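Visitor: Make a model of this:
(chains A and B)
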Amino acid sequence: MLENVSIGRYYSARSILHETDPRVKALLYIVYLVAIFMIKTTPAVLALIATILIQILMARITPRIIWETVKPILPIAIFILILNILTIRQGSILWEWKIIRITDYGISRAVLMTLRLVFLIISTSILLTLTTTPLKICDALESLFAPLAVIKVPVHEMAMMMSIALRFIPTLIEETDKIMKAQVSRGADYDTGSFINRIKGYVTVLIPLFVSSFKRAEDLAVAMDARCYNGGKGRTKLHPLKLTLRDVLVGIMLALLAALNVAVDIALR
Amino acid sequence: MPEDKNAIRIDDVSFAYKAGDGTGEATTALDGVSVRIPKGSYTAILGANGSGKSTLAKLIDVLEVPDKGMITVFGADTREDERFWEIRKRCACVFQNPDNQIVGTLVEEDTAFGPENMGIPNPELGERVERALKEVGLYDLRNRESSSLSGGQKQKLAIAGALAMEPEVLILDEATAMLDPLSRDEFLNLVEDMRVKKGLTLITITHDMSEAIRCENIVIIDNGKVVMEGGPSKIFSSGKLGKLGLKQPENYALCYQIAQITGCEILPSDLESEESLIKAVIRMIPRMVSSYIPDDQKIKKEEPSDVIMKISDLSMSYDRGQTKAISDVNLEIRRGEVLGICGRSGCGKTTLITHMNAIFVPQSGDIEIMSRHGVLHASDKKDKKQIRQTVGLVFQYPEYQLFEETVFMDISYGLKKAGVPESEIKPRVIEAARLTGLSEDVLNKSPFELSGGQKRRVALAGVLVMRPEILVLDEPASGLDPRGRDEMFKIIADLKNAGTTVIIVSHNMDEAARNCDRICAIKDGRILLTETPEVFFRTDACEKAHLPRPVLSVFAARLRDAIAEEIKGVDFGEISFESSAEAMNIVRSVRKAVKGRA
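Guide: Here you go, the predicted structure:
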């Protein structure tokens, strides 16, 4: 019932992006976030698409995986597209009927907004989740935010919490699927009836899911204790983060590409 | 001071779990337990569900500290704050649920978690991880996602994580409970191998007799107290096991039954091996001749010919046809029978039964159900609702699907959804509770305050309340102790007698042989054979499907061969899958053969 949910999943492969230092990827991610939200002109959008294609190639991710990543957000994307088309009233009118007015500006804005959302999801996936294991993402954040530990921010603990949350996503999805099937076989119905009824139906999934998650959390805490977990103090790393020349080069190259996109955009405005 | 030969000394330890609600109520888990565990030994801590055996594991690894008494691990007192890291480093645990002990996303990352915490520097850290993964045979999968592993592989990963800490004591806390028989054997062989290679002290906490029998020493815990201690031969010759919610292993049970019928005695030395057990039975032959057993009242099982569910050419794939979870399944289920569906984990059993009540709609092929309401088709959307009411499906560990405030409300959920009138609900809930052996005072309790076994009954009642004509159960007894398992099969037998058709998914072949009218073996999504147990176990379907043969019938066959060498021309007839019936078979046949000759 819940197959093909791939947000937050890691895609195991050997590629340049997989091997790049996660800190570089995290910083690049911020750079691309800024770029995605700065560009407005068509050539810049096309340039960004090209840049993203380069990233996909560097990450050796198949188009199917990209499609599966984007698919779950398509309904939201389409919603944003329609909402923007209908609500933006500036620009020259292409078609008008009663209160509905569709303008050329509205369409271009709507397409831009929708593309931004899609770019956002793809960038998050390629730069972070698909090519970097949750533990590495957390290592990167821990390392990037390490200075904050001085002012008593529990950086290690937060990173560990995040990595465990990410590690358990597939497990919980599997569990939700199991519970839903079990409730359906008892007569629950999740896809018909009024909206309120459907929401009510989810109670039969959420409560068991919560109960079992607490149980899991308890078990996991015991298991971590048994494996001598004692916070970040004195911990070593199997693969300590090491910044290599290649990481720096990859970082600079991708950052330059982003800058180029923005430059094109500004030049054409 | 001479060096202590004990790895662990437990002296008069008591422990209670304090209630989390601030009432100060405490549940006693252990009460004055004293145990010695010698270095390098292999000990089973045996007990029924809720006996306190898992608490003992937690106390040894300082995951809890005793309220009273003292535990020392390699001479270090677990109550001393400055020693407990040292103890945890020397003891490693593998727990029951594979999913709940994996921290790392990748196999390699998870293996490294323990030694990382211990501050092992590189390159030693990398070497330890590599060594541990090679030892458990997961090295080739080191970059795989840990969540994509099978249950058996996940438990091996947990051992790798433990081995990478290079412990001296390895504690298995019901670590095989969620594995199929073959994975369980692999797992146990692996840890036993490691024990010999590394001189580990191995402690296994279990209620599984076939696991306990592999140990050198067994400690039985009941109600928080040590009630018995000794080698397997001493423990399994005791008549008290049944009262403790435990059971003799099948081969022992058979010999004991024969001894009881003939009035002979089994000496502790007879229990050392299967050979000595067989010798002991041979010794009883003269007494068998003088023991009269009435002829077996062979109730010729009337072959039900009436088909209630017909599965034809059913195939299903999770990834658009690339690999088939089940393919071309053809199966007829007869009205009123108990059908066992057996196969290894991942063979497609669960996929198959999920089709039976139309949760999965057939991608190709069909299922016809000859219900009271006429013929229903799984491929027909209109019949879906009717099918779900005709076929009750209980998944594995159904206790995890409870959600209502009270047991009554939980059981009645399906009725309300089906729009059954209010006046009819109460009697039907009470009927379902009675069928599953729940007392009426439980009905007003919250399902979450019940024990695991009770919760499972509630979940089962929640399905039975719909009065299904066909009941499908996925591993109904998994995780239960021997007494709980027997009770579950008693419920199933009662349902069958009341006319319900029952389909059980199982990989415990002894239970399948005893409780099913027919057994269906599945391998890689295909049906190998569907036959009565008698015929089924005469074929090589078990070997083909990677299932173990029933322990009892394997041993009984050896025993029969040994007896046949002594008494030529003895005719034993069909092997029975129940130890007491088989004991009678053997005694009766021997008497007949000898008398007939005379």
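Visitor: contacts and neighbour counts: CA atoms only from here.
Guide: OK.
Visitor: Where does pLDDT dip in chain B?
Guide: Scanning chain B with the threshold set as pLDDT under 70 gives B:1-3, B:20-24, B:296-304, B:597-598.
Visitor: give the contact list for the most centrally placed residue in it.
Guide: Centroid-nearest residue in chain B, with CA atoms, centre = their mean: B:Ser478, separated by 4.6 Å. Applying CA atoms under 8 Å, 6 or more residues apart in numbering or on different chains, one finds that B:Ser478 lies in contact with B:177-178, B:396-397, B:485.
Visitor: Which one of these is nearest to A:His239?
Guide: Closest approach to A:His239 among the contacts of B:Ser478 (CA to CA): B:Met178, at 32.1 Å.
Visitor: Surely the closest one touches B:Asp99?
Guide: No - the pair B:Met178 / B:Asp99 is not scored as a contact, 10.7 Å apart, by CA atoms under 8 Å.
Visitor: More neighbours: these two, which one.
Guide: Set B:Met178 next to B:Asp99 and count neighbours by other CA atoms under 10 Å in any protein chain shown: B:Asp99 wins out with 20 against 17.
Visitor: unless I'm mixing things up, that one is touching A:Thr171, no?
Guide: Yes - with contacts counted by CA under 8 Å, B:Asp99 reaches A:Thr171, the gap being 7.4 Å.
Visitor: Show me how chain B divides into domains.
Guide: The domain map for chain B lists B:6-242, B:250-298+B:554-597, B:307-516, with the assignment taken from automatic domain parsing.
Visitor: Residues of the stretch 101-250 of chain B that sit close to chain A?
Guide: By the rule CA under 8 Å from any CA of the partner chain, the part of the stretch 101-250 of chain B lying against chain A is B:101-106, B:109, B:112-122, B:125-126, B:143-145, B:147, B:162, B:165.
Visitor: burial of A:Ile30, as a residue count?
Guide: A total of 14 residues lie near A:Ile30 under the criterion other CA under 10 Å.
Visitor: Please report the distance of it from A:Phe119.
Guide: A:Ile30 sits 13 Å away from A:Phe119, going by CA to CA, to the nearest Å.
Visitor: And for B:Glu265?
Guide: For B:Glu265, the distance to A:Phe119 (CA to CA) stands at 80 Å.
Visitor: Those two: which is more packed in?
Guide: Counted by other CA under 10 Å, B:Glu265 and A:Phe119 do not tie: A:Phe119 has more neighbours, with 21 against 15.
Visitor: sorry, back to before: what's the PyMOL syntax to select whichever of the residues of the stretch 101-250 of chain B next to chain A are buried?
Guide: Here is the PyMOL command that selects only those of these that count as buried (16 or more other CA atoms under 10 Å in any protein chain shown):
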select buried, chain B and resi 101+102+103+104+105+106+109+112+113+114+115+116+117+118+119+120+125+126+144+145+147+162+165
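Visitor: Which ones among the residues of the stretch 101-250 of chain B next to chain A map onto helices?
Guide: Using DSSP state H, the members of these that fall within helices are B:109, B:112-117, B:125-126, B:162.
Visitor: now, the most widely separated pair of the residues you listed?
Guide: The span of these, defined through CA to CA, is set by B:Gly126 and B:Ala162 at 14.6 Å.
Visitor: quick revisit: just want to check the distance between the residue nearest to the centre of chain B and chain A.
Guide: Taking CA to the nearest CA, to the nearest Å as the measure, B:Ser478 falls 16 Å from chain A.
Visitor: For the closest residue to chain A within the stretch 201-350 of chain B, grab phi and psi.
Guide: For the stretch 201-350 of chain B, the residue closest to chain A is B:Tyr318, as judged by CA to the nearest CA, at 8.6 Å. Backbone torsions of B:Tyr318, given as degrees, to the nearest 10, read phi -90, psi -20.
Visitor: cool, the one 4 residues further on as well?
Guide: Taking degrees, to the nearest 10, you get phi -70, psi -50 for the backbone angles of B:Gln322.
Visitor: same question, the one 3 residues further on
Guide: Dihedral angles phi and psi of B:Ala325 (degrees, to the nearest 10) take the values phi -70, psi -40.
Visitor: now swap in B:Ile503 and tell me
Guide: Backbone torsions of B:Ile503, given as degrees, to the nearest 10, read phi -120, psi 120.
Visitor: Equivalent analysis for B:Leu402, please.
Guide: According to degrees, to the nearest 10, B:Leu402 has phi -70, psi 140.
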